[in-house]
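Enquirer: sequence unknown, structure follows:
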């Protein structure tokens, strides 16, 4: 019922997930990430537990290949699940159950996985991966969205369209970006519009918030405003 791309950015080490489906609020249950650990999309007849449980196992030192193999081994519904992702070392894992609805498949690349089910055809997954691999010069969030748009252009979910999401995990415990379109006739197009708003008015502000190395962040109003103005200008120019 869904297709998604999960990747680790080689330049920054950030994780990202872009996903779309003909179902309500895909961003609430499919994408999972943890700073310095990995990113996962759990989909098809979704079992959201694969995300947080695998993250816990990976936090203890297991590679994603072992962590997701372990969670799947305990899931009696594994043959109707699709789970894929990447960890901090660039290891990739993808599982498409034998009973997922056609068209369904997954592909893996260098620090990237793409998977989908109930799709218009194989080009949805293939074009998503190909576009991602062909655009390393793009900013990471833009690169993920551009890849998702390629899958949409190839037909996307064969039932239609309803929701989409973009999750980017930086070095902080909270997401750098968590943008969701829960119900829209053109969710991928709307996700792109919201991403432009995020870049133009929110991304720089997120960098002023408290973090692991600086709990309070920038608290002076004038200093914060100057930082946001300078970095928003830089973001738009990049």
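Expert: Great, that's in hand. As the structure is a prediction and not an experimental result, all values here were calculated from the model.

Enquirer: how close does residue 25 get to residue 48?
Expert: 12 Å (Cβ to Cβ, to the nearest Å). (C-beta placed from N, C-alpha, C; glycine too.)

Enquirer: ugh, wrong one, I meant residue 143
Expert: Distance, residue 143 to residue 48, using Cβ to Cβ: 26 Å.

Enquirer: mind listing the helices for this protein?
Expert: Using DSSP state H, the helices found in the chain span residues 50-59, 64-73, 123-134, 140-153, 187-201, 203-206, 221-237.

Enquirer: now those helices as a markdown table including mean pLDDT and mean neighbour count?
Expert: Compiled in a markdown table, the helices of the chain are given as follows (pLDDT from 0 to 100; neighbours: other Cβ atoms under 10 Å):
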| stretch | mean pLDDT | mean neighbour count |
| --- | --- | --- |
| helix 50-59 | 98 | 20 |
| helix 64-73 | 98 | 19 |
| helix 123-134 | 98 | 20 |
| helix 140-153 | 97 | 23 |
| helix 187-201 | 95 | 17 |
| helix 203-206 | 88 | 19 |
| helix 221-237 | 82 | 13 |
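
Enquirer: quick check: which of the ones you listed is nearest to residue 88?
Expert: helix 50-59 (8.0 Å; Cβ to Cβ).

Enquirer: quick one, the closest one and helix 64-73 angle?
Expert: 130 degrees (axes from the mean of the first three to the mean of the last three Cα atoms, to 10 degrees).

Enquirer: okay, domains of the chain per the record?
Expert: 2-201, 202-238 (automatic domain parsing).

Enquirer: distance from the chain centre to the longest one, please.
Expert: The reference is to domain 2-201. Offset of domain 2-201 from its chain centre (Cα atoms, centre = their mean, to the nearest Å): 4 Å.

Enquirer: mind listing what's buried along stretch 173-180?
Expert: For stretch 173-180, a neighbour-count test (16 or more other Cβ atoms under 10 Å) marks 175, 176, 177, 178, 179, 180 as buried.
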